[in-house]
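1. Here is a sequence together with a model predicted from it:
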Amino acid sequence: MNAKDKCSIVARITLFTGVVAAILSTLLAVVMMVATHSLATGSLIREVRAISGQVAQKAERYAQGYVELPGSQFRNIQIVDSQGHVVASTTALRGKPPMAEFGPGSQGSKQAVVCDGVFGADKCDIVVAQSARWHQVNWTVYASSPVVPWWIDPQFAALLGGSAIIVAVAVTYLANRIAIASLRPVGAIRRKLDEINATCPGRRVPVPIGKCEIHYLAKSVNHTLTRLQGAMERQRQFASDASHDLRSPLAAIRAEVEDAMSASPEDTMNRMGRAVLSSLDRLEAIVSDLLTIAKMDAGAPGKNDPVDLAELASTECQMRHHTTKRLVCRLEPDVVVLGDRPRLGRLLTNLIDNADRHAASTITVIVHHVESNDRGFPYGVAVLEVIDDGPGIEPDKRELVFQRFARLDAARNKDAGGTGLGLPIARQIAEACGGTLRIEDSDCGARFVLRLPRYRETDSHTQDPGQISMT
């Protein structure tokens, strides 16, 4: 992914506008500087020509010795006779040779830029040569002034450069604010889409006012959400109706098979009946799980009561007399969460059933709590772990087991009695209670970890964690 793909639309617009504004402001400042420099140079040439003309008129009218040369720090004047000797000059050039070698020419006046020479190293002046006639002899009046630098004046250059920077920054800032304001409805649409899930499909994204592209986008999104909601409701209704309708024929089949087995004591009939009843047990489990998922997908509200996870796990451990695996429960007391007790019991039952199918000899149930700085867990995290000593689950397949009807090849070969819905139901219950259910690393077997926000109680005890071991 390149840098352009990582950059947001607002950042791209701001960057593009900033670069364009900086280039245009710089060009405008350069054009203004060049134009001002040209005007200042033209004005300076006219001024120097006027000074040389005045001195030439005075030289023609009076003797050169009586001509007062209006020199200054930035203006120098010389009067040169026909032999090329300086007969008069301002103080700065007194005793120096003529400032230029060119004469006034046929038009009586000429200007040029002269560098170095009498002005000093690396210095350039604008020199105007003006002809003057005295006693029938052509003399030359030179007037000079330092050339105008490209920056004209430090204060002017600073003002122009600062103005260009301010304009570029102002345009960039306005473009950023306009882009943010224009895309604010997109952010609202995105946030609302993030909130919409299977439990609240009736929500819709906000439609901004005005006939703009985002307005039509929001309307299209809402139309799409409406169609999706209809499809989801039809799917849920089908699953619910099918689950309800399948219960009666399954119950009738079970009754017929049991009656046939009671009426006929033959081994063949009993074997056939047990096989059919085993398949019926799986079908009834699938129907029950489908009905549970349909209710949860429809957003059926659950209770929000304090539930002690240690007590819940202890009850489940004591009820597991039929298991052939050793069940070890390490329970920390007073790990209380808010949730629906029957649903949390169903979650724990599904996890233990899954562990029972894949454990080699031992199932471990652990309940404890940890502190957390996460805003979603202000009073700490309640943790429930179910660990088996089976073959475990590869890291790249840990999320696959939480998909509906998804069963790994090892699970299919070892046990055909699962429905493929127990773990998805367990994760859905965990998320409905504001927690997470994941498979994490373990030294041996699979380790399912449930994390829920802990509920603070004022009468909590400080007993040591207990341990219940059952076989």
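-> All right, it came through fine.

2. For the rest of this, base every contact and every neighbour count on C-alpha atoms.
-> OK.

3. Select the helix or strand of the chain having the lowest average pLDDT value.
-> Counting by mean pLDDT, DSSP states H and E, the chain has its least confident helix or strand at strand 466-470, which shows a mean of 44.

4. Confirm for me that residue 358 is in contact with residue 390.
-> Yes - using C-alpha atoms under 8 Å, residue 358 is in contact with residue 390, at 5.3 Å.

5. So between these two, which is more surrounded?
-> residue 358 (22 against 18; other C-alpha atoms under 10 Å).

6. Next one, pLDDT for that one please.
-> The score at residue 358 is 86. That number is its pLDDT.

7. same for the longest helix that the chain contains, what does it pack against?
-> The longest helix of the chain (DSSP state H) is helix 9-61. When contacts are defined as 3 or more C-alpha pairs under 8 Å, 6 or more residues apart in numbering; DSSP states H and E, helix 9-61 sits against strand 124-134, strand 137-146, helix 154-195.

8. helices and strands around the first one, which ones?
-> Helices and strands touching strand 124-134, as assessed by 3+ C-alpha pairs under 8 Å, 6+ apart, comprise helix 9-61, strand 109-115, strand 137-146.

9. Try it again at 10 Å.
-> Secondary-structure packing of strand 124-134 (3 or more C-alpha pairs under 10 Å, 6 or more residues apart in numbering; DSSP states H and E): helix 9-61, strand 76-80, strand 109-115, strand 137-146.

10. Determine which stretch of these is the most buried.
-> Each of the helices and strands packed on strand 124-134 was scored by mean neighbour count; the highest is strand 76-80, a mean of 27, by mean count of other C-alpha atoms under 10 Å.

11. which is the next helix or strand following that one?
-> strand 86-89 (DSSP states H and E).

12. Reformat the helices and strands packed on strand 124-134 as TSV; add mean pLDDT and distance to residue 196.
-> Shown next, in TSV, are the helices and strands packed on strand 124-134 (pLDDT from 0 to 100; distance: least, C-alpha to C-alpha, whole Å):
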stretch	mean pLDDT	distance to residue 196
helix 9-61	90	24
strand 76-80	88	84
strand 109-115	89	78
strand 137-146	88	76
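
13. So for residue 312, which of those sits nearest?
-> Residue 312 lies closest to helix 9-61 among the helices and strands packed on strand 124-134, at 51.1 Å (C-alpha to C-alpha).

14. and the angle from the closest one to strand 137-146?
-> Helix 9-61 runs at 150 degrees relative to strand 137-146, counting by axes from the mean of the first three to the mean of the last three C-alpha atoms, to 10 degrees.

15. Go ahead and measure how far helix 9-61 is from the middle of the chain.
-> Between the centre of helix 9-61 and the centre of its chain there are 45 Å (C-alpha atoms, centre = their mean, to the nearest Å).

16. Check stretch 309-322 too.
-> With C-alpha atoms, centre = their mean as the basis, stretch 309-322 stands 46 Å off its chain's centre.

17. What residues sit buried inside it?
-> Neighbour-count burial for stretch 309-322 flags 309-314, 316-317, 320 (criterion: 16 or more other C-alpha atoms under 10 Å).

18. Average pLDDT for it, rounded please.
-> Average pLDDT, stretch 309-322: 84.

19. Same question for stretch 122-134.
-> Across stretch 122-134, pLDDT averages out at 87.

20. go on, stretch 429-447?
-> pLDDT averaged over stretch 429-447 gives 88.

21. Can you check the distance spanned by it, start to finish?
-> Length of stretch 429-447, first residue to last, C-alpha to C-alpha, to the nearest Å: 18 Å.

22. Stretch 378-396 now?
-> End-to-end distance for stretch 378-396, by C-alpha to C-alpha: 32 Å.

23. likewise stretch 431-449?
-> 13 Å.

24. Could you chop this protein up by domain?
-> Under the assignment automatic domain parsing, the domains of the chain span 1-195, 213-297, 305-470.

25. Tabulate these in JSON lines, adding columns for distance to residue 206.
-> Shown next, in JSON lines, are the domains of the chain (distance: least, C-alpha to C-alpha, whole Å):
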{"stretch": "domain 1-195", "distance to residue 206": "6"}
{"stretch": "domain 213-297", "distance to residue 206": "7"}
{"stretch": "domain 305-470", "distance to residue 206": "26"}
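
26. Can you tell me which of those domains is nearest to residue 202?
-> Closest of the domains of the chain to residue 202 is domain 213-297, at 6.9 Å (criterion: C-alpha to C-alpha).

27. quick revisit: just the ones in helices from the buried residues of stretch 309-322, please.
-> Those of those lying in helices (DSSP H): 309-314, 316-317.

28. in stretch 391-411, what counts as buried?
-> Across stretch 391-411, burial judged by 16+ other C-alpha under 10 Å covers 392-393, 398, 401-403, 405, 407.

29. re the thing from before, with distance to residue 102 added, can I get the ones in helices among the buried residues of stretch 309-322 in a markdown table?
-> Shown next, in a markdown table, are these (distance: C-alpha to C-alpha, whole Å):
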| residue | distance to residue 102 |
| --- | --- |
| 309 | 107 |
| 310 | 109 |
| 311 | 112 |
| 312 | 111 |
| 313 | 111 |
| 314 | 114 |
| 316 | 115 |
| 317 | 116 |
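
30. No further queries at this time; thank you.
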